[in-house]
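J.: Structure of the sequence below:
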Amino acid sequence: MATDQFFYVLLCNDKSFYGGYTTDLARRLTEHNAGTGAKYTHPQSRRPVQMIHAERFETRSEATKAEFAFKKLPRRQKEKYLRDNQRKNVL
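T.: Presented below is the predicted three-dimensional model:
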């Protein structure tokens, strides 16, 4: 049985975006809000975070490629990506 692979986007308390990869969305959100999820979301100024987007992929490779591509985008293109991909959002 294959495990779902997810690319997700968080909206941080400071209004910045964080893109990540996981197989468990709920666990990962809990980790980020506890300050143990990633260096980026560790500072109290970035928490709490909200998961605003998640896409399901069949392979880890596909999900991490989506994460990497998102992280390379400037802020305005990230906002456009989120608007344009609302149908892919599994939240």
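
J.: rest of the way, CA atoms for contacts and neighbours
T.: Fine.

J.: And the average pLDDT for the longest helix seen in the chain is what?
T.: Across the chain, the longest stretch assigned as helix under DSSP state H is helix 60-72. Averaging the model's pLDDT scores along helix 60-72 yields 98.

J.: likewise stretch 44-55?
T.: pLDDT averaged over stretch 44-55 equals 97, rounded to a whole number.

J.: likewise stretch 78-91?
T.: Per-residue pLDDT values over stretch 78-91 give a mean of 95.

J.: so where do the strands sit in this structure?
T.: Assigned by DSSP state E, the strands in the chain fall at 5-11, 17-22, 50-57.

J.: ranking those by burial, who's on top?
T.: Comparing the strands of the chain on average neighbours per residue, with mean count of other CA atoms under 10 Å, the densest one is strand 5-11 at a mean of 23.

J.: Partner strands of it and their direction?
T.: Each strand paired with strand 5-11, and its direction, by DSSP bridges: strand 17-22 (antiparallel), strand 50-57 (antiparallel).
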